[in-house]
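A.B. asks: This is the structure alone, sequence omitted:
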């Protein structure tokens, strides 16, 4: 089954487009509520593993997907990556789609190695092994088409997806992405290339396995890009802590409330730090995640076309 | 000591600017000459480790630096990253500077996590640990300035360096990097930003810790960028297998033969596959690497300003 349909069905099943971003920042971790781990890279990796599984236990069945930020796991060396792999597998086991936010990119033959790593399989003697088996990976487009093709080919063969950075949520995304060439900003040029990369991979859902990352913090560009990229699912970061609101992301959806998933990382997983939720739930950091996730689901349902996904 | 000077001193010590790229592609590995490893991800990771150490044993003392391509190690899951970490440490122990080619990129607060991971330290209780301790990391500039600053800050604090992609060596680099905005191609816009990012970090050698990746396959742009970016060391990929010649890379150097290092991966580490070298060295794949590396050193000395580095 194509990833366009896979993601769409997951969204319809839970009735909302929320992606819970798992970014285990050590300084924000509810470590005082977890068991104590020794102050080593391995000990911290174990804390990330326990925390990540704890998040998954709460949001499995509530949302369609989780997004892991690779950087925080890589910052613990190979042991961090053992924790990442464990948590990714655990999330898939709980029926969540797993997006790995690695923003990988390289020239053709090396891009192929990244594609095999995260979305594909490695041939070992007579058998194939999927080293990471993410459902989708984020990709940086600076290297052009031959840095994208290997990812879409591998993804197509295995029912996986990719999300190509188009307009990112950070303030400096203007530096390069908004430069105007031939009367159009660079992000529009990337979007036009992306439309070509996506077209061959649209499935019966109408959506392609090739998606786009478009930040909630630039609502006008979000609307413009939605228009320019029918059949392309948007992964929208920047809701919540970075300042994006439900109204800002409304334009990311098609008329049925499909075509976009909206990520929130710190605002959900570190919700226990919010004064109001701390007062309600105290040491129960998982209850705080659940409450914050429900709040985001309701906010998107009330203020965006995603409200049409509600089954109840 | 600033990385500009560190790299310059390494180049002067060995008298050449060659970077040996370690890209362990399983299908090209001299595995029939290595011990047999079991057909598992762990077995292949062990083969990569043994191969990488074998490369380092040959080129330690011959060249200033090695460059590890992260993708191939990541393709073996966490065990591949154990092999990468081991080989990086082994290379540093042999006096080689270690460039990690990860092309990392993210928004500010996450870029900081990548910077700490690969160039910096992680605070653990009372002590700091360097998870990867590369000497330099490659960075993708698509996210703009706030995706670069965290890397230069961490690098500055620890004597490390970065190489920002400006003009990559692949055919599709034209797609985005050559679009013309305000009369200048995008890679020139990136170069101008890079000049600003680099300027505060120039040290007594005249070179900054912020370097640039500029492909050997685009010699005109190489010359143009050398002119535009004084004080910025170029990491030049694309020599050899990708088609770049010594004459193509000549313009990357300053008048003293400094200011650039030239990478070659497959052409050196898989030299045993060359008919002429196979005839001379047979099963001795390390002798083939040594011969090919000497050949590249001589080629650059004869056809570029790097000849001035020769101490003999």
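C.D. replies: Arrived safely. Everything quoted here is computed from the prediction, not taken from an experiment.
A.B. asks: And the strands in chain A?
C.D. replies: Secondary structure of chain A (DSSP state E): strands at A:18-22, A:65-69, A:97-104, A:122-124, A:127-129, A:136-139, A:161-167, A:180-181, A:184-185, A:210-214, A:234-236, A:260-264.
A.B. asks: Sheet-wise, list the partners of the fifth one with their directions.
C.D. replies: Strand A:127-129 sits in its sheet next to strand A:122-124 (antiparallel), going by DSSP bridges.
A.B. asks: ok, and the closest non-adjacent residue to the residue most central in space within chain A?
C.D. replies: Nearest to the geometric centre of chain A sits residue A:67, at 4.0 Å (C-alpha atoms, centre = their mean). Leaving aside its chain neighbours, residue A:67 sits nearest to residue A:99 (4.2 Å; criterion: C-beta to C-beta, 6 or more residues apart in numbering or on different chains). C-beta: built from backbone N, CA, C; applies to glycine.
A.B. asks: shouldn't that neighbour be in contact with residue A:163?
C.D. replies: Yes - judged on C-beta atoms under 8 Å, residue A:99 makes contact with residue A:163 at a distance of 7.1 Å.
A.B. asks: which residues of chain A score low on pLDDT?
C.D. replies: A:32-33, A:35, A:311-312 (pLDDT under 70).
A.B. asks: please redo it, this time with the cut-off set to 80
C.D. replies: A:31-38, A:125, A:311-312 (pLDDT under 80).
A.B. asks: what is in contact with residue A:99 and residue A:163 at once?
C.D. replies: A:136, A:137, A:138, A:235 (C-beta atoms under 8 Å, 6 or more residues apart in numbering or on different chains).
A.B. asks: Next one: the residue lying closest to the last one once chain neighbours are set aside from chain B, what distance?
C.D. replies: This points to residue A:235. Of all residues not flanking residue A:235 in the chain, residue A:163 sits nearest, at 4.4 Å (C-beta to C-beta, 6+ apart). According to C-beta to the nearest C-beta, to the nearest Å, residue A:163 stands 14 Å off from chain B.
A.B. asks: Now do the contacts for residue A:163.
C.D. replies: Taking C-beta under 8 Å, 6+ apart, one finds A:99, A:136, A:137, A:138, A:139, A:211, A:212, A:213, A:233, A:235 in contact with residue A:163.
A.B. asks: which among these end up buried?
C.D. replies: Buried residues within the contacts of residue A:163, counting neighbours by 16 or more other C-beta atoms under 10 Å in any protein chain shown: A:99, A:136, A:137, A:138, A:139, A:211, A:212, A:213, A:233, A:235.
A.B. asks: Among those, pick out the one closest to chain B, please.
C.D. replies: Among these, residue A:138 lies closest to chain B (C-beta to the nearest C-beta), at 9.4 Å.
A.B. asks: tell me the contacts of the closest one?
C.D. replies: A:99, A:100, A:101, A:102, A:103, A:104, A:162, A:163, A:164, A:165, A:213, A:235.
A.B. asks: and if we set it to 6 Å?
C.D. replies: Neighbouring residues of residue A:138 by C-beta atoms under 6 Å, 6 or more residues apart in numbering or on different chains: A:101, A:103, A:163.
A.B. asks: Quick check: it vs residue B:3, distance?
C.D. replies: 29 Å (C-beta to C-beta, to the nearest Å).
A.B. asks: same question, residue A:260
C.D. replies: Residue A:260 is 42 Å from residue B:3, by C-beta to C-beta.
A.B. asks: tally of neighbours for residue A:98?
C.D. replies: 22 (other C-beta atoms under 10 Å in any protein chain shown).
A.B. asks: I'd assumed residue A:133 was in contact with it.
C.D. replies: No - using C-beta atoms under 6 Å, residue A:98 is not in contact with residue A:133, being 8.0 Å away.
A.B. asks: Show me the helices in chain A, by range?
C.D. replies: Taking DSSP state H, the helices of chain A run over residues A:3-14, A:41-59, A:70-74, A:77-93, A:108-118, A:149-158, A:173-177, A:186-198, A:219-228, A:246-249, A:266-269, A:275-281, A:285-303.
A.B. asks: Please identify the deepest-packed of the ones you listed.
C.D. replies: helix A:70-74 (a mean of 27; mean count of other C-beta atoms under 10 Å in any protein chain shown).
A.B. asks: So what touches it?
C.D. replies: A:23, A:24, A:80, A:81, A:84, A:102, B:106, B:110, B:113, B:114, B:117.
A.B. asks: let's see 7 Å
C.D. replies: A:23-25, A:48, A:80-81, A:83-84, A:100-102, B:106, B:110, B:113-114, B:117 (C-beta atoms under 7 Å, 6 or more residues apart in numbering or on different chains).
A.B. asks: Ok, stretch A:121-135 next?
C.D. replies: With C-beta under 7 Å, 6+ apart, stretch A:121-135 has contacts from A:85, A:88, A:97-100, A:116-120, A:160-161, B:39-41, B:44, B:75-77.
A.B. asks: Show the end-to-end separation of it, please.
C.D. replies: With C-alpha to C-alpha, to the nearest Å as the measure, stretch A:121-135 spans 13 Å from end to end.
A.B. asks: same check, this time on stretch A:84-102
C.D. replies: Note: stretch A:84-102 ends 12 Å apart using C-alpha to C-alpha.
A.B. asks: And stretch A:237-252, by the same measure?
C.D. replies: 11 Å.
A.B. asks: Does that stretch reach chain B?
C.D. replies: No - using C-beta under 7 Å from any C-beta of the partner chain, stretch A:237-252 stays clear of chain B, coming no nearer than 8.2 Å.
A.B. asks: Now that stretch: buried residues?
C.D. replies: Of the residues in stretch A:237-252, A:237-240, A:242, A:244-246, A:248-252 count as buried by neighbour count, 16+ other C-beta under 10 Å.
A.B. asks: residues in contact with it?
C.D. replies: A:169, A:213-217, A:219, A:222-223, A:226, A:234, A:236, A:260, A:262-264, A:266-267, A:299-300, A:303-305.
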